[in-house]
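Undergrad: mind looking at a prediction? Sequence and model below.
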Amino acid sequence: MSYQHVQKGYLHWVLYASALVTLAMLGFPQIPTVMIIVVIGAAMLLVVFGLSFKTMAVADEGDQLSVRYGPIPLFHKRLAYEFISDAHPARSRWIDGWGIHYFFGRGWTYNLWGFDCVEFQYKGRPCRIGTDDVQGLADWLRSKVKE
């Protein structure tokens, strides 16, 4: 038995819209060539980030839990079960944000969309994984970790 769940988010639409707004700057008259290159580069970067944060897959990899964003796999994290403890369903706060964030005193948050998450201690520090399968992930982590 193993765990695998893919969550689809909406954060990528915000990044695509930002790319379009960035490209709209090309409509201004008499833009220097260097600025055109910068604007196109920034828009392309926003699209790549959008494709990197379209889904988040959380999966068991034997002795560790994998968190992968995609479909372009630029960002991922592996968390060894031996360092995980105290897993329970929770809700993240707006300050934790969406994506990958570290906030002093609140630890790491890996989230794609929404505020439902599983909170646990990783190497003695707080960590949260956002998911739309909170109970399934929390139950899986509790079955894998030694409390």
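TA: Okay, I see it.
Undergrad: can you list the buried residues in the lengthiest helix in the chain?
TA: If you go by DSSP state H, the chain has its longest helix at helix 33-52. Across helix 33-52, burial judged by 16 or more other CB atoms under 10 Å covers 39, 43, 46-47, 49-52. (Glycine included, C-beta is placed from N, CA and C.)
Undergrad: avg pLDDT for the next helix-or-strand element following that helix?
TA: Once the chain leaves helix 33-52, the next helix or strand it forms, by DSSP states H and E, is strand 55-60. Across strand 55-60, the average pLDDT comes to 96.
Undergrad: the next helix or strand after strand 55-60 pairs with which strands?
TA: Next helix or strand after strand 55-60 toward the C-terminus (DSSP H and E): strand 64-70. Partner strands and pairing direction for strand 64-70 (DSSP bridges) are strand 55-60 (antiparallel), strand 76-80 (antiparallel).
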